[in-house]
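Novice: Pasting the sequence and the predicted coordinates here, then a few questions.
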Amino acid sequence: MKSRAAVLRGIDQAWQIEEITVDPPKANEVLVNWKVAGMCHSDEHFVTGDMVPPQDLLDLMGAKFFPFIGGHEGAGIVMEVGPGVTSVKPGDHVSASFVPSCGRCRYCSTGRQNLCNYGAGTLMGHMITDGTPRHFDKDGNPVTMMAKLGTFSEYACVAEASLIKVEPDLPLDAVALVSCGVATGWGSATKRADTQPGDTVVVVGIGGIGINAVQGARMAGAKRIIAIDPVEFKREKAMEMGATHTFASMAEAMQSVNELTWGEMADRVIMTPGVLHGDMMEEAMALVGKGGTCVVTAISPMTENDVKMNLFQLAMWNKEVKGTIFGSLNPRADIPALLDMYRAGQLKLDELITKRYSLDEINEGYRAMRDGENIRGIIVND
Amino acid sequence: MKTKAAVLWEVNAPWSIEEIELDPPGPGEVLVKMAASGMCHSDEHLVTGDLPFALPIIGGHEGAGIVEQVGEGVSWLEPGDHVIFGFIPSCGKCPSCSSGHQNLCDLGAAMGIGRQIADGTSRHHANGQDLGLMCLLGTFAHHTVVHEASCIKIDKDMPLEKACLLGCGVVTGWGSAVYAADVAPGDTVCVVGVGGIGANAIQGAKLAGAKRIIAIDPVEFKREKAMEFGATHTASSMAEAFGLVQELSWGTMANKVIMTMGVGDGGVLGEAMALTAKRGRVVVTNIHPALETKGAGISLLDLTLMEKQLVGSLFGSGNPRYDIPKLMGLYREGKLDLDGLVTKTYPLEGINEGYQDMRDGKNIRGVLVYG
C-alpha cells in the first residue's frame, strides 16, 4: 500500500514528505496506522548525525542508512496481522515500543525487557523478523525505519515484538507520549535512580524526558526537586509538574543545592539534556552527595569517548554513575501501568503537549523544539 | 499418531501404561519426542489427591526431548531442536513475565485445567476420552504435544536424561535458596527435607556462600546424600536440629530455613519459625495439601518482635527461560551436581516401581528414560 511519510535523505537536511510503499505484513508482523507520533529529540539526533552509525561501520555491514523515516514515539491502530501474530488483532489500539521485547531472551526473562536482544538492530537494517525491508521510496529503494517503527509514516509494517496492546479508552496522544519519553524520564527517576521518599533530586535538562523525571521524582516522594534548564518557559513547566526549585545552569544551582541540603548535596542527579557531552559530567557529579547516584539518560554523540569526572571523589564518597535505556522499565508491564496512573489522575500527560502538528508541519515542529518552545510537540494524523 | 503414556484414571490407583491417540500440533504448539522425565513428588500429589486436578490425566512435568514437528506460527523452534519443558509456561508478554517473574506467568492459570493453552481442547485421547496433562505437559509419555510457551530450547551437548531435572526440581530447590531465601555469604541455612528439591536447595545455598548448611531428614540415606551435596551438618528432625543450630550459631539461630518436605505440614511450621534467627526468613517451597485446614501453628508475635519473614516460592522464584540455561551452564562448569541426583532410572513401564521406591525413601530422584 501507499503511505505518506517524513523521510530524511542525509545529515543536516530537512524532513521531506514523500509517498512510500509499504508491503503487507509477513509472519509475526503487523500493519499499523500510526495516529499520533511524538517528536522526540532522539529523532533530531539523526538530523544532526549524533545517532547515525559511522560510515565505516555501515560499510563493514554492507548496510545503507539513508533514506530514513523517523519517529519512534507513537500510537496507532492495527490494520492487518501476519501469520502467527497472537497478541494483537485488527482494530486493536497499540503503543509503539522503541525497544522490542521478544519475551524469550535472557534480558526479557529477567525483568529487563528494555535490554531485549532484538534491540541490537534498532539503528540499522530492516525487519526484526527476517531482516528484509517492507518499506520503499518512490524509486524502489529500501527505507530504514527509526527503531523499526517509523512513526513519522502514516502506515508502517512492524514486528509484533515492537507493539504493546493498550485499552481503547485511552487517548492515543497520551499513549504516544508514554511509549518513549514519559516512560524514559519517569523510570530514570523511579526505577533507575531509585528515588526514595525524602530525597533531594536534581534533574538537568527539562524536555520531554526531563519533565517526566520530575514527575517520577515527585511520585516517588522526593522532598526537593531541582530542575535545571536555560529556558525560562521550561523552568516554569517544571514547577507545574512538581519541581520545587529551578536554576538556569548547573553552576548556578551548585551553591543553592549546597545551602538547601545543609551541604549534603543531592541524593540523585538525573541527566536529561538535549545532547549530553562528557564535559558536563564534572558539574553533575559535583551536585551528587556522598553515596549519591547520577543517572545518565540523555543521548551523547555515538563516538564521543571523553568524560571529565573526579574519580577520587567517586571512590571516596561512594558515588555511582548509572546509564539507563527506557528508564530501565519493561515496556510490556510499564507502558500499561503508566497509562493507568494517567487514568487515575496521578501521572500528568495532557499538560506535556505544547503543540499539535500535521505531518506536513514536521520541520516547523522541530524548529520549535530547537528553539525551546516545546516541551513536547506531537504529529497527529487525522 | 499412537504413542505410549502413563495415565491416572482415579485417585489412589496405580499409573496405567496405555497406548494413546495423539493429535498433530495446532497453531503455536509443538510435537516432542520425549527422551526422559523426572519422577517428581508433585505427580504423586495427583495420585493422593493433594493436587485435585481433573482426571484422567497423563502425569509428568519434568521432561526433556527433541522437537519432531512444529505447528503454524512457531517461529523459534524447528524439528531436531532439543527442549526442556518449563513446568510453568512463560508467554513473555504478561505483567509477570514482563517484570522478571516468569514463574508466575498468567498462562499458569490453565495448569489446573490441563488442556491445551492455545484453545482449551485436548490433543491426547484414550478409550474415547480426552486426557488432561500434568502442568500442560504430560511427560510420562513417549511423545507429547505442548504449547511453545512451555518449551525452553537448549544446546544439544546436554544429556537429556539429566537435563530433564532442570524443568522443575533442580531450579525449584536451587532458586529457593538463591532467589527466594536470598542466601548471603556467611549465612546459616537449614534445609528441611532432602529429596529432589531439598538436595538442590543445599547446592544453591552452598554456591551462594552459606557458612553452615544443616540438612534435616528422617532417612539416613538422604542425610548422607545431603553431605555429598554440600551440607555441613545433618539432623533427623527439626526438634533434633534445634539444639544443634542453637549451639552452632551461638544462639542466633538460622538466617534462612527452607521447607522442602515431601508434603508440607502446617503443624510443623512453628518449629521452622523457631529455627529462624531475628530478621531470618522461612521459605515455603513444598506443596501443602490443597484442602489442608489445620492452619499454620506459628507465633505471629515473632513476626513482629523478631522481624521474622515467612515467604512462599514457586519454581524457586526463578525465570524458566533464564534459569534453566543458566543452571545448565553451572552443570557444565562442575558447579552443579545433576549426576548425583539421579538415584535410579526406569523405563516408562517401571513407573509404579519408581514411585514405590520414592515412597520408601530410596531415591533422591528417579528418572524415566525412554529408549
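Specialist: On my side now, so go ahead. Residues are numbered from 1 along each chain as shown, chains lettered A, B, ... in the order given.
Novice: Need the pLDDT of the residue in the stretch 101-250 of chain B positioned nearest to chain A.
Specialist: Here the stretch 101-250 of chain B gets closest to chain A at one residue, B:Gln102, 5.9 Å apart by CB to the nearest CB. All C-beta atoms are positioned from the backbone trio N, CA, C, and that covers glycine. Model confidence at B:Gln102, given as pLDDT, is 96.
Novice: Next: B:Phe87.
Specialist: The model's pLDDT for B:Phe87 equals 91.
Novice: what helix or strand is A:Lys35 on?
Specialist: Per DSSP states H and E, A:Lys35 falls inside strand A:29-38.
Novice: For the next helix or strand after that strand, name the packing helices and strands.
Specialist: Proceeding C-terminally, strand A:29-38 gives way to helix A:41-48 as the next helix or strand, assigned by DSSP H and E. Judged by 3 or more CB pairs under 8 Å, 6 or more residues apart in numbering or on different chains; DSSP states H and E, helix A:41-48 is in contact with helix A:362-370.
Novice: I'd like to know which elements the helix it packs on is packed against.
Specialist: Counting contacts by 3+ CB pairs under 8 Å, 6+ apart, helix A:362-370 is packed against helix A:41-48, strand A:353-357, strand A:376-380.
Novice: Can you add mean neighbour count and mean pLDDT and give the ones you listed back as JSON lines?
Specialist: Formatted as JSON lines, those follow (neighbours: other CB atoms under 10 Å in any protein chain shown; pLDDT from 0 to 100):
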{"stretch": "helix A:41-48", "mean neighbour count": "21", "mean pLDDT": "88"}
{"stretch": "strand A:353-357", "mean neighbour count": "17", "mean pLDDT": "94"}
{"stretch": "strand A:376-380", "mean neighbour count": "24", "mean pLDDT": "94"}
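Novice: Which pLDDT value belongs to the closest residue to B:Gly73 other than its chain neighbours?
Specialist: Spatial nearest neighbour of B:Gly73, excluding adjacent residues (CB to CB, 6 or more residues apart in numbering or on different chains): A:Gly84 at 3.0 Å. Listed pLDDT for A:Gly84 reads 92.
Novice: A:Gly84 - how many residues pack around it?
Specialist: 18 (other CB atoms under 10 Å in any protein chain shown).
Novice: residues in contact with the residue lying closest to B:Ala274 once chain neighbours are set aside?
Specialist: Nearest residue to B:Ala274 in three dimensions, chain neighbours excluded: B:Phe242, at 6.6 Å (CB to CB, 6+ apart). By CB atoms under 8 Å, 6 or more residues apart in numbering or on different chains, the contact list for B:Phe242 reads B:271, B:274-275.
Novice: tell me which residues in stretch B:44-62 are buried?
Specialist: B:44-47, B:50-51, B:53, B:55-62 (16 or more other CB atoms under 10 Å in any protein chain shown).
Novice: max-length helix in the chain?
Specialist: Just so you know, I chose chain A. The longest helix of chain A (DSSP state H) is helix A:331-343.
Novice: actually chain B
Specialist: From DSSP H, the single longest helix across chain B is helix B:320-332.
Novice: Just the C-alphas of that one, formatted as CSV.
Specialist: This file holds the C-alpha atoms of helix B:320-332, laid out as CSV (Å, rounded to 0.1, in the frame of the first residue of the first chain):
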residue,chain,number,x,y,z
PRO,B,320,12.4,-20.7,33.4
ARG,B,321,13.9,-19.1,30.2
TYR,B,322,16.8,-17.6,32.1
ASP,B,323,17.5,-20.1,34.9
ILE,B,324,17.2,-23.4,33.0
PRO,B,325,20.0,-22.4,30.6
LYS,B,326,21.9,-20.8,33.5
LEU,B,327,21.9,-23.9,35.6
MET,B,328,22.9,-26.0,32.5
GLY,B,329,26.0,-23.7,32.4
LEU,B,330,26.7,-24.4,36.1
TYR,B,331,26.4,-28.2,35.4
ARG,B,332,28.9,-27.8,32.5
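Novice: Do it and chain A come into contact?
Specialist: Yes - part of helix B:320-332 sits close enough to chain A to count as contact by CB under 8 Å from any CB of the partner chain, namely B:320-322, B:325.
Novice: Let's see if you can find the most crowded of those.
Specialist: Among those, B:Pro320 has the most neighbours (other CB under 10 Å), with 28 neighbours.
Novice: Tell me which residues touch the residue lying closest to that one once chain neighbours are set aside, please.
Specialist: Leaving aside its chain neighbours, B:Pro320 sits nearest to B:Gly86 (3.3 Å; criterion: CB to CB, 6+ apart). By CB under 8 Å, 6+ apart, the contact set of B:Gly86 is B:102, B:150-152, B:167, B:315, B:320-321, B:324.
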